[in-house]
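K.L.:
Pasting the sequence and the predicted coordinates here, then a few questions.
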Amino acid sequence: MYNIKPRTFDFESVTDISKKQLEEHYKLYTGYVTKLNEIWNTPYIPSNYTDSNATYSKMRSLKLGETYSLNGVKLHNLYFENMTGGSNVPYGPLFNAIINQFSTYDNFISYLTNVGLSMRGWVVLTLDLLDNKLHIIGSDAHDTGAVWLSCPILIMDVYEHAYFMDFGTDRKKYISTFIKNINWSILNDRFKKYVSPINYMDMNQRRYRQYNFLNE
Ligand SMILES: [Fe+2]
């Protein structure tokens, strides 16, 4: 029996985003948790799925709901976590990696902001296992644009529900406010956690390359 619980977050630590805005957003998140439990607790009974079809069927509905709610839960967990708790001054191994790759912090923030203004759902800074580099991925919904084997480090929700109550249509102001609330301690912990698996994957990829499974 699945009984995933919503996590709690220190919304008191967030500056310049109202408690009401954050609480309404949190309600949406708990809805995804509820639906995920409902989906994962649905037993597989073969006789219930005799109509399986890629246009419309019970199984299709279940699987689309599963990826939507599962990503909705994971992305909001990461988002709320990386915008609460303070530690708002950029520092550490992730900051160094950003400077290395994006030349300057301002350049990185400019890129992040423009991706945020261009997408309808999410912006995710990832460490990708294919090239071991940072990438800023844009997504229009929980279940579109996700990249597998790409480790999420910084997550920014740009759905209108994340900011409309406080900022109206001024998404740029919401993005700059979100950036001021980023918890760099959380980001560095995530970054460091992903480096070891990447070293492991890198060894494996080098092995595969010997057999020309990868282009390099
Ligand atoms: Fe959201």
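P.N.:
Looks like it came in fine. Numbers count the residues shown, from 1 in each chain.

K.L.:
how distant is the helix or strand in which residue 75 is found from the center of its chain?
P.N.:
Residue 75 is part of helix 58-81, with elements assigned from DSSP states H and E. Centroid separation for helix 58-81 versus its chain: 11 Å, with Cα atoms, centre = their mean, to the nearest Å.

K.L.:
For the ion, what's its nearest residue on this protein.
P.N.:
Of all residues in the chain, residue 157 sits closest to the ion, at 4.2 Å by Cβ to the ion. Any C-beta I mention is one placed from the backbone N, CA and C, and that applies to glycine too.

K.L.:
show me the contacts for the closest residue to that residue other than its chain neighbours.
P.N.:
The shortest distance from residue 157 to any non-neighbouring residue, by Cβ to Cβ, 6 or more residues apart in numbering, is to residue 79 (5.0 Å). By Cβ atoms under 8 Å, 6 or more residues apart in numbering, residue 79 lies in contact with 155, 156, 157.

K.L.:
before we move on, back to that, quick check: beta-bridge partners of the residue of the chain closest to the ion?
P.N.:
Residue 157 forms beta bridges with residue 122, as assigned by DSSP bridges.

K.L.:
Give me the neighbour count for it.
P.N.:
23 (other Cβ atoms under 10 Å).

K.L.:
quick one: contacts for it?
P.N.:
Counted by Cβ under 8 Å, 6+ apart, residue 157 has contacts 25, 75, 76, 79, 121, 122.

K.L.:
Read off the pLDDT value for the residue nearest the centre of the chain.
P.N.:
Geometric centre of the chain, nearest residue: residue 75, 3.9 Å, by Cα atoms, centre = their mean. If you check residue 75, the pLDDT there is 98.

K.L.:
How about the residues of this protein by the ion?
P.N.:
Listed as neighbours of the ion in the chain under the rule Cβ under 5 Å from the ion: 157, 159.

K.L.:
where exactly do the helices run in the protein?
P.N.:
Taking DSSP state H to define them, one finds helices in the chain at 19-40, 58-81, 92-102, 105-118, 164-167, 171-180, 184-210.

K.L.:
Please identify the buried residues of the fourth one?
P.N.:
Going back to what we said before, that points to helix 105-118. Under the neighbour-count criterion of 16 or more other Cβ atoms under 10 Å, helix 105-118 has 108, 109, 112, 113, 115, 116 buried.

K.L.:
again, but for the third one
P.N.:
Within helix 92-102, the residues that count as buried by 16+ other Cβ under 10 Å are 92, 94, 95, 97, 98, 102.

K.L.:
With the second one instead?
P.N.:
Buried residues in helix 58-81, defined by neighbour count with 16+ other Cβ under 10 Å: 65-66, 68-81.
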